[in-house]
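Novice: Next one to model:
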Amino acid sequence: MTDKMINGILFILAGVGSIVAYMALGETGLLDKGHTEKFAAYALLTLPLAFMMTRNVVRNTYIDAGLIIILVGLSMGLVSDAITSAELGAESESIGEAIAMTGWSIMYLGIFITAIGYLRTKLFPNWLSGLLALSSFVMFAFLAVLNGEQLEKHGDNIIPILWMINSLVLVILGIFTTRRTE
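Specialist: Next up is the predicted model:
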């Protein structure tokens, strides 16, 4: 299997992996909350790997900076989800939630910066890099601007839609990566 094929598969896994973990394993009751979070975390680890492999095709300082920010935000988000899913009590859930939106918004900020780097290269068509920049910036802004009460009130309706849009863009990136001519 070629590097670009593996890279494309990683983008596709990053796009659908956590959705499958939450929907197919968590919502159906096949796994408890802790195990569902673990599988979703393993799937999300493919995201920085996919961006890092793409970074090695064409170097760009925005792609590099975005990757570092993605790693910071992803680490925070995974820690917050682990704390929340441990179900140690009300304090653990509120601590996890306090960390979550900052971590996840930072990750989407990193994706936005990486997408700006993609716009400055010929790795993907400009419309696709622009779509990645737009979808990740909207998710970043939504998570970063709203407070906990506002997210609780409106987040259940909007976050899944934004998450699905970002996931779809990652799947499209995966398809373009596997088809890219070197």
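
Novice: other SSEs contacting the longest helix along the chain?
Specialist: Across the chain, the longest stretch assigned as helix under DSSP state H is helix 148-179. If contacts are counted by 3 or more Cβ pairs under 8 Å, 6 or more residues apart in numbering; DSSP states H and E, helix 148-179 sits against helix 3-20, helix 46-55, helix 90-119, helix 126-145. Using the backbone N, CA and C atoms, a C-beta is placed for each residue, glycine as well.

Novice: mind checking which of the ones you listed is nearest Phe176?
Specialist: Of all these, helix 126-145 sits nearest to Phe176, with 6.3 Å by Cβ to Cβ.

Novice: which residues touch the closest residue to Arg55 other than its chain neighbours?
Specialist: Excluding its sequence neighbours, the residue lying closest to Arg55 (Cβ to Cβ, 6 or more residues apart in numbering) is Ile63, at 4.9 Å. Ile63 is in contact with 51, 54-55, 114, 117-118, 121, counting by Cβ atoms under 8 Å, 6 or more residues apart in numbering.

Novice: give me that answer again for 7 Å
Specialist: Applying Cβ atoms under 7 Å, 6 or more residues apart in numbering to Ile63 gives the contacts 55, 114, 117-118.

Novice: same deal with Arg180?
Specialist: The contact partners of Arg180, by Cβ under 7 Å, 6+ apart, come to Lys4.

Novice: phi, psi of the residue of the chain most remote from its centre?
Specialist: For the chain, the largest distance from the centre (Cα atoms, centre = their mean) belongs to Gly89, which lies 27.2 Å off. In terms of degrees, to the nearest 10, the main-chain angles of Gly89 are phi 140, psi -180.

Novice: The chain should start at 615 in everything you say after this.
Specialist: In the new count, where the first residue is 615, that last one comes out as Gly703.

Novice: How much space separates it from Asp695?
Specialist: To Asp695, Gly703 is 16 Å away according to Cβ to Cβ, to the nearest Å.

Novice: that older thread, redo the helices and strands packed on helix 762-793 as CSV? Include mean neighbour count.
Specialist: Below are the helices and strands packed on helix 762-793 laid out as CSV (neighbours: other Cβ atoms under 10 Å):
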stretch, mean neighbour count
helix 617-634, 19
helix 660-669, 21
helix 704-733, 20
helix 740-759, 18
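
Novice: picking up where we left off before, identify each buried residue in the longest helix of the chain, please.
Specialist: Residues 765, 769, 773, 776-777, 779-781, 783-788, 791-792 are the ones in helix 762-793 that count as buried (16 or more other Cβ atoms under 10 Å).

Novice: Many thanks, we can stop here.
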